[in-house]
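J.: please work out how this folds:
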Amino acid sequence: MIFLFDCDGVIILGEQFSKFYSNKYDVPIEKMLPFFTGPFKECIIGAKDLKEELQPYLHDWNWNDGVDRFLDLWFNSEFVINEELIKFIENNNCHNKFFMVTNNEKYRTGFLEKNMSEYFTKIYSSSMIGEKKPNKRFYLEVLKDIGVKAEDIVYFDDEEINVEAANELGINAFLFKASQTEESIKIMSRFIN
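T.: Sure, this is the predicted structure:
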């Protein structure tokens, strides 16, 4: 069996960056939302470049240290690993059965590849595919690239809409709750062969 894991809420458990930044730098969340509900959505599917789209917002967010330093803060602040799940992956990894699937733009995808490649054969992101989960095209592209049938996949995501879309394609998809990681690991263990 091949295992797919969502990133945020499954592998990575850090606080959402806009909340973190709003609290740490005393910037009202309302000032940040127009970016995340606007241009950021295009960055996630690879239609726009995150660095270019962020530039006009940084001054209003009281950030004067450049876009690269801003992204360093962003990606590192969220990088809280689900240690229990990573331990399971380490103990069972043949380095050809564990993949990450994520709705992420290209710079954070690069950050994840740099920091998580020892655990995952490949990371598939929406910016790479040009479509976000739960769109079925996302999953079909992943299946095609790995070269497996839907029924040979076990998938964990913390969003029910993504789980439902994957199940409709015949993928063995399960809802993941970080507070119940141990229960999900029991399910995973049934499929390890």
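J.: run a quick neighbour tally on F176.
T.: By the criterion of other CB atoms under 10 Å, F176 has 23 neighbours. For glycine as for every other residue, the C-beta is placed from the backbone atoms N, C-alpha and C.
J.: now do the strands in this structure.
T.: 2-6, 98-102, 122-125, 153-157, 172-175 (DSSP state E).
J.: columns distance to P28 on top of these, output as CSV?
T.: Putting the strands of the chain into CSV (distance: least, CB to CB, whole Å) gives the following:
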stretch, distance to P28
strand 2-6, 29
strand 98-102, 28
strand 122-125, 30
strand 153-157, 31
strand 172-175, 33
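J.: reformat those as JSON lines; add distance to I86, mean neighbour count and mean pLDDT.
T.: Output for these, formatted as JSON lines (distance: least, CB to CB, whole Å; neighbours: other CB atoms under 10 Å; pLDDT from 0 to 100):
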{"stretch": "strand 2-6", "distance to I86": "10", "mean neighbour count": "22", "mean pLDDT": "97"}
{"stretch": "strand 98-102", "distance to I86": "10", "mean neighbour count": "23", "mean pLDDT": "97"}
{"stretch": "strand 122-125", "distance to I86": "14", "mean neighbour count": "20", "mean pLDDT": "97"}
{"stretch": "strand 153-157", "distance to I86": "13", "mean neighbour count": "24", "mean pLDDT": "98"}
{"stretch": "strand 172-175", "distance to I86": "18", "mean neighbour count": "18", "mean pLDDT": "98"}
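J.: surely L85 is in contact with V10?
T.: Yes. Counting by CB atoms under 8 Å, V10 is a contact partner of L85 at 7.1 Å.
J.: bridged to the closest residue to K122 other than its chain neighbours, which residues?
T.: When the adjacent residues along the chain are set aside, K122 lies closest to F99, with 5.5 Å between them (CB to CB, 6 or more residues apart in numbering). Beta-bridge pairing of F99 under DSSP bridges involves L4, K122.
J.: pLDDT below threshold where in this structure?
T.: 94-95, 193 (pLDDT under 70).
J.: what's the domain layout of it?
T.: 2-12+81-191, 17-78 (automatic domain parsing).
J.: deepest of those, which one?
T.: Of those, the one with the most neighbours on average (mean count of other CB atoms under 10 Å) is domain 2-12+81-191, at a mean of 17.
J.: gap between the two ends of that one?
T.: 9 Å (CA to CA, to the nearest Å).
J.: ok so, going back, for the strands of the chain, which one sits closest to F17?
T.: Shortest distance between F17 and these, using CB to CB, is found for strand 98-102: 14.5 Å.
J.: so which elements touch the closest one?
T.: strand 2-6, helix 106-116, strand 122-125, helix 136-146 (3 or more CB pairs under 8 Å, 6 or more residues apart in numbering; DSSP states H and E).
J.: give me that answer again for 6 Å
T.: strand 2-6, strand 122-125 (3 or more CB pairs under 6 Å, 6 or more residues apart in numbering; DSSP states H and E).
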